[in-house]
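> The sequence isn't on hand, but the structure is:
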Ligand SMILES: Nc1nc2c(c(=O)[nH]1)N(C=O)[C@@H](CNc1ccc(C(=O)N[C@@H](CCC(=O)O)C(=O)O)cc1)CN2
Ligand SMILES: Nc1ncnc2c1ncn2[C@@H]1O[C@H](COP(=O)(O)OP(=O)(O)OP(=O)(O)O)[C@@H](O)[C@H]1O
């Protein structure tokens with residue numbers, strides 16, 4: 001049942017999704033390269049271990065340039081829908097994929113071979129919009145919030161980083177209690193670091 005908040009967010013989601021779809025190919029190619037540099041430059045970017053990306057769709061900023069430039073000790077993973085949350089599976093170009101219920105390609109691995117969210121060092125999340133406080137507006141399924149709810153009580157890792165075009169920055173309504181804040185957002189233009197300065 002959509003509640004009042006969903007009603008408020010629906011037009012904002014449509015507007016921001018439309019905006020990211022309107023970018024032309026040359027802008028997308030350039031932005032993906034610049035995004036990769038910013039993701040690699042994060043001071044908590046891991047040198048070893050599992051890192052999660054996503055398969056870009058619906059105009060989302062692409063991660064191929066980042067995937068190709070990862071340190072050799074990092075294993076790139078894609079999200080897999082598993083019951084009500086996300087699990088992860090390593091994926092290299094050429095390996096088998098199957099479409100999930102939203103039509104997004106996922107690695108074709110058995111359930112037993114899937115990795116848990118807590119095994120990721122860094123998770124790069126798709127987003128529809130972000131604000132200057134590190135709040136993320138997603139597609140509205142709550143997948144990333146349910147999967148990383150533990151980060152509301154526990155420190156990183158996994159580090160949570162949104163990837164977006166700068167034009168996805170917007171004023172968002174106050175977050176819901178389940179919204180998991182991002183440590184940073186990387187765009188083609190900047191690293192937006194939202195970590196609290198320790199006093
Ligand atoms: N590339 C990518 N992968 C992702 C996400 C994402 O936002 N982007 N997700 C982030 O959570 C998860 C999947 N969540 C999703 C939630 C809704 C829709 C979607 O297209 N909804 C349609 C209509 C619903 C339907 O087809 O049943 C829509 O809103 O137009 C897609 C993915 C995991 N993988
Ligand atoms: N920790 C949680 N426990 C239970 N339900 C949750 C939790 N987090 C989110 N949800 C549910 O998910 C729904 C969608 O949440 P929200 O609008 O924040 O999604 P989103 O972050 O935009 O989506 P996504 O992560 O899939 O891109 C909420 O209405 C809520 O019912």
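Ah, there it is. From a predicted model like this one, the values you see are computed outputs, not experimental measurements. Numbering: from 1, shown residues only. Ligands and ions are numbered 1, 2, ... in the order given.
> Now do the same contact list for the closest residue in space to residue 51 that isn't next to it in sequence.
Spatial nearest neighbour of residue 51, chain neighbours left out: residue 122 (4.6 Å); criterion: Cβ to Cβ, 6 or more residues apart in numbering. C-beta here means a position set from N, CA and C on the backbone, and glycine is covered the same way. Residues in contact with residue 122 (Cβ atoms under 8 Å, 6 or more residues apart in numbering) are 42, 44-46, 51-52, 157-159, 161.
> Checking residue 122 next. Helix, strand or coil?
Assigned with DSSP: H, G, I helix; E, B strand; the rest coil, residue 122 falls in the strand class.
> Could you list which of the contacts of residue 122 belong to strands?
51-52, 159, 161 (DSSP state E).
> Closest one of those residues to ligand 1?
Nearest to ligand 1 among these: residue 52, at 10.1 Å, using Cβ to the nearest ligand atom.
> Columns distance to ligand 2 on top of the contacts of residue 122, output as TSV?
Below are these laid out as TSV (distance: Cβ to the nearest ligand atom, whole Å):
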residue	distance to ligand 2
42	21
44	21
45	22
46	22
51	18
52	13
157	19
158	15
159	17
161	14
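> among those, who's most crowded?
residue 52 (28 neighbours; other Cβ atoms under 10 Å).
> Tell me the bridge partners for that one.
Going by DSSP bridges, residue 52 is paired in beta bridges with residue 77, residue 123.
> you'd agree it is up against residue 123?
Yes. Using Cβ atoms under 8 Å, residue 52 is in contact with residue 123, at 4.4 Å.
> Show me whatever sits in contact with both of those two.
Joint contacts of residue 52 and residue 123 (Cβ under 8 Å, 6+ apart) are residue 158.
> Just give me the closest of the ones in strands among the contacts of residue 122 to residue 114.
residue 52 (11.8 Å; Cβ to Cβ).
> Could you dump the ones in strands among the contacts of residue 122 into JSON lines with pLDDT and distance to residue 8 added?
What follows is the ones in strands among the contacts of residue 122, written out as JSON lines (pLDDT from 0 to 100; distance: Cβ to Cβ, whole Å):
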{"residue": "51", "pLDDT": "99", "distance to residue 8": "34"}
{"residue": "52", "pLDDT": "99", "distance to residue 8": "29"}
{"residue": "159", "pLDDT": "98", "distance to residue 8": "30"}
{"residue": "161", "pLDDT": "98", "distance to residue 8": "26"}
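> Alright, I will stop here.
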